[in-house]
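J.: quick check, what structure comes out for this input:
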Amino acid sequence: MGFFRKTLRKEHLLDRGIYSDSKGHLAQRIDYAWNIYNSPKPKYTTAHKDAALSFLRASFNIPESYKKEQAVEKIAALMALKAANPDKKFVPKLPDPVRREVVAGGTPSVAVRVAEIRAPVEEVVRLEPMAKLKYITSPSTSHLSKSTAQMVDKFIKSVNGDIDELNRLIKVYNDTRDKEGKIRALQGVYHYAKIVDSKYQAAYMSFSAGYRETIHQTLYSNVKKEFAKLGILSLHKVLEINPASPPITPVNKDSFAEILANMSPEKTSRLLTILAEGAKFDLTDFKRLYSSGEEGYEEFQSFLKKHSIQFLGGGNSKNFKITSLADGSEIVLKVDNRLNMPKKVEAHLREHSLKATLTPVAAERQATYVDASSSERWTRTLLLTEFCAGGDLESHSKQRPNNAARLQSALDIYSQMGTILNDISRDGCGFPDMKNTNWLLDRNGRVRLADTKSFAFTDAAGNIDYKSPANEWCSLLSTGYMNPPEFKRWDRVPFSADKMHSFMLGKNLYQYLTQCDFEYLYGKNDAAEFDFSAPIFQSAPGRQLKTLISAMIKVDPAQRIPVSEAVSELTRIQKIIAVNECNEILEKINRKGFGKADTAMNAFVMAKQAEILEAKNLAEVGKIKDELNAFEQVKVDPQLIGLREALVSSGDRNAVIALNQIPVKERGNIMAATSPEALVAKELIVVHRYKSECKRVLATIAHEELGPNDVAMRDFIEKKKRAIAETSDPDVLLKLKTELTSTLEQLKKDSSVKEVKSIIQDFRKNAGLLTVGMNAKATRIEDALMRVPIEERRNLHISKNPAAVEVQKAIASHRYWGKRGEVYLNKDGTVDEKKAANSFKDFKARLNAAKDSPAEETPAVRMKT
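T.: Model prediction:
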């Protein structure tokens, strides 16, 4: 490692200096990166090792589709090949044949074997090579201070070193023969240009016409032309910025991501000039960006027809919302003013811990414009990114007037924030401008980062040192009201990123909870200076948050708790609240039970209480809470409720006990349940339903009684009630219900009973002083009718049932003096119709006639005999 310390340092991994030929031969740089990646020394952070692996992947052209483990295995094999070759400048290449096995070093027993499977390569016709880039020259610096002029010279020298690397990559592209390889090589040229753009302050780019012409114009135009030679006319897909992330907007030829990616450098500068006006931007100028006949005109016109654009807001940067007129989807077109902060740290974090936290970028271009009011030249980034509907955290707080709801949101949001800060620290970085307005919430409540200007690298001790080569071209970017005391000496004394994060996390949390304006936070460096009398701090979790904030906002960084401890405390408070909520939900569920004797509910409650107590973390409590919420939403099956009420009323204690054993989770839809207890309940429900239906039919039959003295009806009802009460067999009850229904239908449709009742009514209606025996005969007929069993109350005019025959006799009896009550019978005991009273003859005649008639006639006027 000693040889390399003269030319290479670990910082060159982070600032991408290792990619430059000026840092030594490629073989030497590969050895250095491999040694760093495998070093156990703590001074080499995860960020250093990840950067080393990225460089090795690029140097050996390891496909992006390879997972980390696969890539490391492949690199190890190639390094073995390299070590086995006596040429110290030898760099092995991946084998080209369809399948090839290489044996390197020693005998086969100790050899390293490398196998590579490839599809046949597609050769391209040898074309005119891509032109190499010329060095940029230093602009006049006579009007600048000595220190500024020196920085400009340093910038020019550094950029020319990057141009050397770009020219090396261009040579790789020119020398590559297969089409797939040329595309990858050309992508490598473009992405290294992005690295160059991310390394330097925008002020130097604005000052150096040579830089803008070489990197932003010539290189972009050449790359676009070379892709066209390879049959690729759209740059968006091949230059995709977030290959691992799904697109934030559909990409087609008239999407703005496609338009921006393919826009000429001159057109990009014109677009920037229009949008830099912010709220005053001229929509007409925007719509006239392309003239008829220009390349891209048709696509831009199609975009305008399908989308609207409006100014969204912003301070240093300008944000515009683009809305699809078809589905209402929204994305943000941003004019990003990075305040002269380079993007190299963001690029590093975007590839690592913040891959899913930073708002994704769909397309990105760097351009320069001249400010009309000041005539100054400014370089800005135009990018398309995600629209976060939740807004920034300061605004989100003010949308939560309820203290309890806001406190709950704060616990979730700042736990996420703390976790993100820990990830940033683990990746060897810090975030000095982490105010609430730089954090956003997406539609799913996830905390996202949109403002990334202030990121800086940390050293092995976790300190931000702006004198470190890793932070070359960087300076402190922060917001006054958030600054911890150590920022007063930021340019001279390194400071802990974690302790800085802790201080600012405390301020952010306090502002969110109290909804105070940012002015209140100015100059306050200790929690003792803050007012904690607000109602939100008076609850138990509020008091705990006060203690937590007090542990973070302290003048002395050494006395501040680390962010990891703050996250643990936020999570602990969340868990306490979640446990209380679980118990509240559990109580609601318990109230849906069947009382103190509900054995299944009691067991369920006890089991869930034990689960809650044993939960190891917030996630486990959250899972229990979700499960309980689902239970609480389910209403107990009404059939089950009705059955239980009926069983309690009937005093069927054993059946009630059986219901109490039905598992709680099956009580919402008992007929779909499958447990043994539920199967018992389902049978009880069927029995209960059949009994209810039998009782309903029986009650309707009771309405057919002939009067208060209807003995047969009374006996029938009592008998059937006993049968219903004493039977628990569903089949028997179903049969009984069928019988009762048949009896009811018979009673309703039989006309013989109606005829008898009409006869009785007629005799009583016509009885008087001058009539003989009418009331007596009516009574005889009624007494006989009430003794006819319910099942036999049909076809009374022809029935052979003894009780029915008595009705016939009563109707046939005479009422005159000398014959009063007398009935003439045949030898077989049936009524002698010839000698019977006229009322009987009429009775038989009408019913026989009705049998043959399609419609029953109204009883005719009867002879009163």
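J.: may I ask which helix or strand encompasses Gln544?
T.: In this assignment (DSSP states H and E), Gln544 forms part of helix 540-552.
J.: which residues touch that helix?
T.: Residues from elsewhere that reach helix 540-552, judged by CB atoms under 8 Å, 6 or more residues apart in numbering: 403, 407, 410-411, 502-503, 505-506, 509-510, 513, 527-528, 530, 532, 535-537, 560-561, 565-566, 569-570, 573, 576-577. Every residue, glycine included, has its C-beta placed from N, CA and C.
J.: same check on stretch 147-162?
T.: 20, 22, 135-139, 141, 144, 192, 195-196, 199-200, 204, 207-208, 210-211, 215.
J.: chain center to it: distance?
T.: Centre-to-centre, stretch 147-162 and its host chain are 49 Å apart (CA atoms, centre = their mean, to the nearest Å).
J.: report the buried residues of it.
T.: 151-152, 155-156, 158-162 (16 or more other CB atoms under 10 Å).
J.: of these, which belong to helices?
T.: Among those, the ones falling in helices (DSSP state H) are 151-152, 155-156, 158-162.
J.: in CSV, list those residues along with distance to Leu26 and pLDDT.
T.: Listed next are those as CSV, based on distance: CB to CB, whole Å; pLDDT from 0 to 100:
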residue, distance to Leu26, pLDDT
Met151, 30, 94
Val152, 30, 94
Phe155, 25, 95
Ile156, 25, 96
Ser158, 19, 95
Val159, 21, 96
Asn160, 19, 95
Gly161, 15, 95
Asp162, 16, 95
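J.: quick one on the thing from earlier: and the next helix or strand past the helix holding Gln544?
T.: By DSSP H and E, the next helix or strand past helix 540-552 is helix 563-591.
J.: pLDDT on that next one, on average?
T.: Taken as a whole, helix 563-591 has an average pLDDT of 95.
J.: quick one: the strands in the stretch 301-450 of the chain?
T.: Ranges of strands within the stretch 301-450 of the chain are 307-313, 318-324, 330-336, 361-370, 377-386, 429-430, 439-441, 447-449, based on DSSP state E, counting those that start in this stretch.
J.: any quick ChimeraX command for the buried ones out of the contacts of helix 540-552?
T.: Those of those that count as buried under 16+ other CB under 10 Å are selected in ChimeraX with:
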select :403,407,410,411,502,503,505,506,509,510,513,527,530,532,536,537,560,561,566,569,570,573,577
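J.: what's the distance between the residue positioned nearest the centre of the chain and Gly390?
T.: Centroid-nearest residue in the chain, with CA atoms, centre = their mean: Asn444, separated by 6.1 Å. To Gly390, Asn444 is 9 Å away according to CB to CB, to the nearest Å.
J.: coming back round to it: report the angle between the helix holding Gln544 and helix 563-591.
T.: 180 degrees (axes from the mean of the first three to the mean of the last three CA atoms, to 10 degrees).
J.: distance from the chain centre to helix 540-552, please.
T.: On CA atoms, centre = their mean, the centre of helix 540-552 falls 31 Å from the chain's centre.
J.: hey, C-alpha coordinates of that helix in PDB?
T.: Extracted C-alpha coordinates of helix 540-552, given in PDB (Å, rounded to 0.1, in the frame of the first residue of the first chain):
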ATOM      1  CA  ALA A 540     -47.400  11.300  29.100                       C
ATOM      2  CA  PRO A 541     -45.900  10.900  25.600                       C
ATOM      3  CA  GLY A 542     -45.600  14.700  25.300                       C
ATOM      4  CA  ARG A 543     -43.500  14.800  28.500                       C
ATOM      5  CA  GLN A 544     -41.300  12.000  27.200                       C
ATOM      6  CA  LEU A 545     -40.700  14.000  24.000                       C
ATOM      7  CA  LYS A 546     -39.800  17.000  26.000                       C
ATOM      8  CA  THR A 547     -37.100  14.900  27.800                       C
ATOM      9  CA  LEU A 548     -35.900  13.600  24.400                       C
ATOM     10  CA  ILE A 549     -35.700  17.000  22.800                       C
ATOM     11  CA  SER A 550     -33.800  18.300  25.800                       C
ATOM     12  CA  ALA A 551     -31.300  15.500  25.400                       C
ATOM     13  CA  MET A 552     -30.600  16.500  21.800                       C
END
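J.: buried set for that helix?
T.: 541-542, 544-546, 548-552.
J.: domains of this protein?
T.: As given by automatic domain parsing, the domain ranges for the chain are 1-120, 130-233, 240-387, 397-558, 568-633, 638-749, 751-852.
J.: quick one: the third one to chain centroid distance?
T.: Offset of domain 240-387 from its chain centre (CA atoms, centre = their mean): 28 Å.
J.: is it correct that Pro469 is in contact with Leu13?
T.: No. The pair Pro469 / Leu13 is not scored as a contact, 10.8 Å apart, by CB atoms under 8 Å.
J.: which one of those two has more residues nearby?
T.: Neighbours were counted for Pro469 and for Leu13 using other CB atoms under 10 Å; Leu13 has more, 29 against 14.
J.: count the residues that sit near the residue lying closest to Tyr824 once chain neighbours are set aside.
T.: Using CB to CB, 6 or more residues apart in numbering and skipping the chain neighbours, the partner closest in space to Tyr824 is Lys835 (3.6 Å). Using other CB under 10 Å, the number of residues around Lys835 comes to 15.
J.: surely Lys835 and Ser813 touch.
T.: No. Contact criterion CB under 8 Å: Lys835 and Ser813 do not qualify, at 10.9 Å.
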